[in-house]
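*Asks:* mind folding the following:
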Amino acid sequence: MSNLNASSNSEPSTKKKSPLGAILLTVFLDLVGFSIIFPLFPDMLEHYLSQEGADGGMMTTFIQSLEGLSGFEGKEARFAATVLFGGVLGSLYALLQFVFAPIWGGLSDRRGRRRILLITVSGTALSYALWFVAAPFLLLVLSRFVGGIMAGNLSVATAAVADSTTEENRAKGMGLLGAAFGVGFIIGPALGALSSLVDLTGALSFIPGINPFSGPALFSLLLALINVFWVWRAFPETLSHGSQEKAQHAKRPMNPLVLFKPTEFKGVNQTNLLYFIFIAAFSGMEFTLTFLAKDRFDYSAAKQAYIFLFIGFIIAFVQGGLVRKLAPKYGEKNLTLWGIALIIPGLVLVGLAQSEGMMYGGLFALAFGSALANPSMVSLVSLYAPSERQGEILGMFRSYGSLARAFAPIAFAFLYWRFGSAWPYFASAGILVVPILLAWRLPKRE
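*Replies:* Below you'll find the predicted structure:
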């Protein structure tokens, strides 16, 4: 750790250059590695299920116990049970992110953004190394466990953007961060689908644990190692000495449940609640999307990539260009309202879709609306918070989203399992009426 501290203090932070490029590339590389797994998820579950066999372990036993309880029979019952089991795995990652995001955010307020990012991106690389040799299912679970712990670093990167921008261009900075997120979201799933075509089980059979998904895992690992090097080499410290001194004397509870204790900033509290409900509705739909495409249109991992390319391109275009132009003119509150309102008909279209064209029409509305709403909510909570507590409060904000993602996959996978593929989308559309009302009543910033 002493070497890490020394390197942190000997950074090129004294150079007068904008850290925004380093922040954006860090988030981009992080999201590419993270999103590679998305189009693989249905096939991965089928692989591990077939590997365990009829007399298999935890996964097989769980799914067999669910098949008779669903509202379906035969193959449909088995697929629905697999979706529900996937919901459990999806919740694990987000639950850990929820627990650790405020910890990383608070530590970055006291120890600096750069140092905490170095720790977390190194941990992310470790999680991909575990995935690379995850022939047994339990090792895959362990890799997701480690990755979830380190996933709170997005709150640190968000705080670094807040450190590096003024109140006037805060929305622009958050829009660029969202664009980096979106571009990573474009490239990651596509690379995941392509790299899954590379079977390393023959060429690298001498390595214990090599499996059919080691190709995407290896690519994710290489990206994570590039990310570690990039943060070490080019990421300057963004936290001012004065803010760090103030944070040193502030109390930082590590129990994530204190997030539900209101802060002294009314706007922060309302935006956190708004974000929590929004992410709960949106991520529940998002998790079941790959299963719906496989169920209704028999999408392979390669075809799943088209969905994420389509969504990611729209997100990158809107957040990288339109949000920066619209936010100063109309305000973050209005963009949040318009974005959520646009998502609702998109959800209904996807839920009803019996053709690929109808599904993509709904996905367009979903992607466009979320690209307006997401960076606007991040900018709002940042503007409501004082400068010396950006890391803490943005960490809390991200943790509300992580908590929503922790139960949303299970809840919406349950709807899929019990009632069918359309119900997660209808439920999401109904729930999103609540955040519209909350956004309408957001207070003016003092």
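
*Asks:* what segments of the stretch 151-300 of the chain are helices?
*Replies:* 153-164, 170-195, 214-234, 241-248, 266-297 (DSSP state H, counting those that start in this stretch).

*Asks:* what's the most buried one of these?
*Replies:* helix 153-164 (a mean of 27; mean count of other C-beta atoms under 10 Å). Where you see a C-beta, it was placed from the backbone N, CA and C, and this is true even at glycine.

*Asks:* picking up where we left off before, worst average pLDDT in the helices of the stretch 151-300 of the chain?
*Replies:* Here the lowest mean pLDDT among these goes to helix 241-248, at a mean of 50.

*Asks:* let me know the average pLDDT across the helix ranked longest in the chain.
*Replies:* Counting residues, the longest helix in the chain under DSSP state H turns out to be helix 74-111. Averaged over helix 74-111, pLDDT sits at 79.

*Asks:* roughly how far out does the helix or strand just after it sit from the chain middle?
*Replies:* Per DSSP states H and E, the first helix or strand lying C-terminal to helix 74-111 is helix 113-132. Taking C-alpha atoms, centre = their mean, to the nearest Å, one finds helix 113-132 lying 16 Å from the centre of the chain it belongs to.

*Asks:* got the CA positions of helix 113-132 in CSV?
*Replies:* Written as CSV, here are the backbone C-alpha positions of helix 113-132 (Å, rounded to 0.1, in the frame of the first residue of the first chain):
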residue,chain,number,x,y,z
ARG,A,113,-10.3,9.7,-6.3
ARG,A,114,-7.2,8.3,-8.0
ARG,A,115,-6.1,6.0,-5.2
ILE,A,116,-9.5,4.4,-4.8
LEU,A,117,-9.9,4.0,-8.6
LEU,A,118,-6.6,2.2,-8.7
ILE,A,119,-7.8,-0.2,-6.0
THR,A,120,-11.2,-0.9,-7.6
VAL,A,121,-10.1,-1.4,-11.2
SER,A,122,-7.4,-3.8,-10.0
GLY,A,123,-10.1,-5.7,-8.2
THR,A,124,-12.2,-5.7,-11.3
ALA,A,125,-9.3,-7.3,-13.2
LEU,A,126,-9.1,-10.0,-10.5
SER,A,127,-12.8,-10.8,-11.0
TYR,A,128,-12.3,-11.3,-14.8
ALA,A,129,-9.3,-13.6,-14.1
LEU,A,130,-11.6,-15.8,-11.9
TRP,A,131,-14.2,-15.8,-14.7
PHE,A,132,-11.5,-16.9,-17.2
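
*Asks:* could you give the angle of that helix to helix 74-111?
*Replies:* Counting by axes from the mean of the first three to the mean of the last three C-alpha atoms, to 10 degrees, helix 113-132 points 150 degrees away from the direction of helix 74-111.

*Asks:* in stretch 119-137, what counts as buried?
*Replies:* 119-135, 137 (16 or more other C-beta atoms under 10 Å).

*Asks:* what does that stretch contact?
*Replies:* By C-beta atoms under 8 Å, 6 or more residues apart in numbering, the residues outside stretch 119-137 that reach it are 4, 26, 30, 33, 48, 51-52, 57-59, 104, 139-140, 142-144, 146-147, 149-153, 156, 207-211, 213-214, 217-218, 220-221, 224-225, 227-228, 231.

*Asks:* what's the PyMOL line that selects buried ones from these?
*Replies:* In PyMOL, a selection of the buried entries from the contacts of stretch 119-137 looks like this (16+ other C-beta under 10 Å):
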select buried, resi 26+30+33+48+51+52+59+104+139+140+143+144+146+147+149+150+151+152+153+156+210+211+213+214+217+218+220+221+224+225+227+228+231
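
*Asks:* residue 49 reaches residue 82, doesn't it?
*Replies:* Yes: using C-beta atoms under 8 Å, residue 49 is in contact with residue 82, at 6.8 Å.

*Asks:* what helices or strands is the longest helix of the chain leaning on?
*Replies:* Judged by 3 or more C-beta pairs under 8 Å, 6 or more residues apart in numbering; DSSP states H and E, the packing partners of helix 74-111 are helix 41-52, helix 58-67, helix 113-132, helix 137-150, helix 153-164, helix 241-248, helix 266-297, helix 390-419.

*Asks:* out of these, flag the one nearest residue 197.
*Replies:* Nearest to residue 197 among the helices and strands packed on helix 74-111 is helix 41-52; the distance by C-beta to C-beta comes to 11.8 Å.

*Asks:* between the closest one and helix 266-297, how many degrees?
*Replies:* 60 degrees.

*Asks:* need the CA coordinates for helix 41-52. CSV is fine.
*Replies:* C-alpha atoms of helix 41-52 as CSV (Å, rounded to 0.1, in the frame of the first residue of the first chain):
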residue,chain,number,x,y,z
PHE,A,41,-26.1,-14.7,-20.0
PRO,A,42,-28.9,-17.0,-21.3
ASP,A,43,-26.4,-19.3,-23.0
MET,A,44,-24.1,-19.3,-20.0
LEU,A,45,-26.9,-20.5,-17.7
GLU,A,46,-27.9,-23.2,-20.2
HIS,A,47,-24.2,-24.3,-20.3
TYR,A,48,-23.7,-24.7,-16.6
LEU,A,49,-27.1,-26.3,-16.3
SER,A,50,-26.2,-29.0,-18.9
GLN,A,51,-22.8,-29.4,-17.3
GLU,A,52,-24.4,-30.3,-13.9
